[in-house]
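Student: have a look at this prediction, sequence included:
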Amino acid sequence: MLNNIGLPGLLLIAVVVLVLFGRGKISSLMGEVGKGITSFKKGISEGEEETKRTDDIKHVDEVHHADLPEHADQGTHPKTDLKADKDRV
């Protein structure tokens, strides 16, 4: 049913809406729609930036953890052997 509207039908609908609501009301409505679209785009870009920052922080944490040596014995320090010092006393 809506496939057969065409350009003359759309113009007729536009004229009827203009007569019913007036130019001022339609203008303010379109302004509100524009503000809503702008706000939506801003929210999307902020969400993408937040996701990127979170991913960067995770990546930095992974890099720092990769630099640390893994120890089988948790009682030793990575740079010095504390158990060897304790055994000498």
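Tutor: On my side now, so go ahead. Numbers count the residues shown, from 1 in each chain.

Student: now the chain, which segments are flagged as low pLDDT?
Tutor: Under the criterion pLDDT under 70, the flagged ranges of the chain are 1-2, 59-89.

Student: quick one: the helices in it?
Tutor: Ranges of helices within the chain are 6-21, 23-67, 82-88, based on DSSP state H.

Student: which other residues reach the first one?
Tutor: So the one you mean is helix 6-21. Taking contacts as CB atoms under 8 Å, 6 or more residues apart in numbering, the residues outside helix 6-21 that touch it are 5, 26, 29. In short, each C-beta sits where N, CA and C put it, glycine included.

Student: that one versus helix 23-67: what angle between them?
Tutor: Orientation check (axes from the mean of the first three to the mean of the last three CA atoms, to 10 degrees): helix 6-21 against helix 23-67 gives 110 degrees.

Student: offset the numbering so it begins at 9, please.
Tutor: Renumbered: residue one is now 9, and that last one reads helix 14-29.
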